[in-house]
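K.L.:
coords please:
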Amino acid sequence: QTVDVNDPNFPNFTRSFLRGIMAHSYSSLQSLFLNDFNELSPDDLNPAIPHLRKLRALDISRCQQLDDTTLLLLSKHVMGTLQVLYMKGVCRASDKGLIAICEACREVRVLEI
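P.N.:
Numbering: from 1, shown residues only. Down below sits the predicted model:
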């Protein structure tokens, strides 16, 4: 299953809409495209990460409120499945978060920073 904030079928994509989708899609979500979703905060995404056991692709490019807490959670909970991570423009992330991803997520084949 894929969730894409840029899907024209969801023109009014909001933080609460995302939380609702994720609450009902934990077990099957494989791709999550949140690029340019400027309102997205760690409080919206981070609680879901431990449940996203099948997540293979994540695009959080230009989600300017996300930070190392998101990357550290990803490194702990999707380390065996994550293959693609786009995080260009995630300005609050530091070397600490990036190193955690690189060390733990051995299946990553595409990493855009």
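K.L.:
Let's check: the centremost residue of this protein is which one?
P.N.:
Centroid-nearest residue in the chain, with CA atoms, centre = their mean: residue 58, separated by 4.7 Å.
K.L.:
which of the residues in the helix or strand of the chain with the lowest mean pLDDT are buried?
P.N.:
For the chain, using mean pLDDT, DSSP states H and E, the weakest element among its helices and strands is helix 15-25, scoring a mean of 82. Judged by neighbour count using 16 or more other CB atoms under 10 Å, the buried positions of helix 15-25 are 18, 21-22, 25. (Each C-beta comes from the backbone N, C-alpha and C, glycine too.)
K.L.:
From these, pick the one nearest residue 48.
P.N.:
Minimum distance to residue 48 across the buried residues of helix 15-25 is 4.4 Å, recorded for residue 22 (CB to CB).
K.L.:
Leaving aside the residues adjacent along the chain, what's closest to the closest one?
P.N.:
Counting by CB to CB, 6 or more residues apart in numbering, residue 48 is the residue found nearest to residue 22 once chain neighbours are left out, at 4.4 Å.
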